[in-house]
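Novice: Here is the input, now give the coordinates:
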Amino acid sequence: MRRIPLLFPLGEWNSLTVECFGNEIKVWVNGDLVNHGFNATAKEGKIALQAEGAEVEFRKLELISIAGLSE
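Specialist: You can find the predicted model right below:
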């Protein structure tokens, strides 16, 4: 059974980490791996941040070059 990650209460910041390398993408929420996608087709372009159905704020956004995906 897949565990649903615990989001922090309203007013506290959650952490989101996204790694994109080659044709794979990994996503962590508060340290829990929640998605590992394969066969991505976009190789270049703009980065967009969005939320669905709720207001969202972002802080401490960092873009870092990586040599490969984390284990």
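Novice: What ranges does the chain have for its strands?
Specialist: Taking DSSP state E as the criterion, the chain carries its strands at 16-21, 24-29, 32-37.
Novice: Distance of E55 relative to N30?
Specialist: Going from E55 to N30 by C-beta to C-beta, to the nearest Å gives 19 Å. C-beta coordinates here come from the backbone N, C-alpha and C atoms, glycine included.
Novice: More neighbours: which of the two?
Specialist: Using other C-beta atoms under 10 Å, the more surrounded residue of E55 and N30 is N30, with 14 against 5.
Novice: Now the more buried one: closest residue in space, sequence neighbours ignored.
Specialist: S15 (5.2 Å; C-beta to C-beta, 6 or more residues apart in numbering).
Novice: ok so, going back, now, of the strands of the chain, which is deepest in the fold?
Specialist: Neighbour counts (mean count of other C-beta atoms under 10 Å) averaged over each of these peak at strand 24-29, with a mean of 16.
Novice: Can you list the neighbours in contact with it?
Specialist: 5, 7, 14-19, 33-38, 40, 69-70 (C-beta atoms under 8 Å, 6 or more residues apart in numbering).
Novice: change it to 10 Å
Specialist: Here strand 24-29 makes contact (C-beta atoms under 10 Å, 6 or more residues apart in numbering) with 4-7, 14-20, 33-40, 42, 68-71.
Novice: by how many degrees do it and strand 32-37 diverge?
Specialist: 160 degrees (axes from the mean of the first three to the mean of the last three C-alpha atoms, to 10 degrees).
Novice: May I have strand 24-29 exported as PDB, CA atoms only?
Specialist: Provided in PDB are the C-alpha atoms of strand 24-29 (Å, rounded to 0.1, in the frame of the first residue of the first chain):
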ATOM      1  CA  GLU A  24      13.200  10.800 -15.900                       C
ATOM      2  CA  ILE A  25      11.600  13.000 -13.200                       C
ATOM      3  CA  LYS A  26      11.500  12.300  -9.400                       C
ATOM      4  CA  VAL A  27       9.400  14.200  -6.900                       C
ATOM      5  CA  TRP A  28       9.600  14.200  -3.100                       C
ATOM      6  CA  VAL A  29       7.200  15.900  -0.700                       C
END
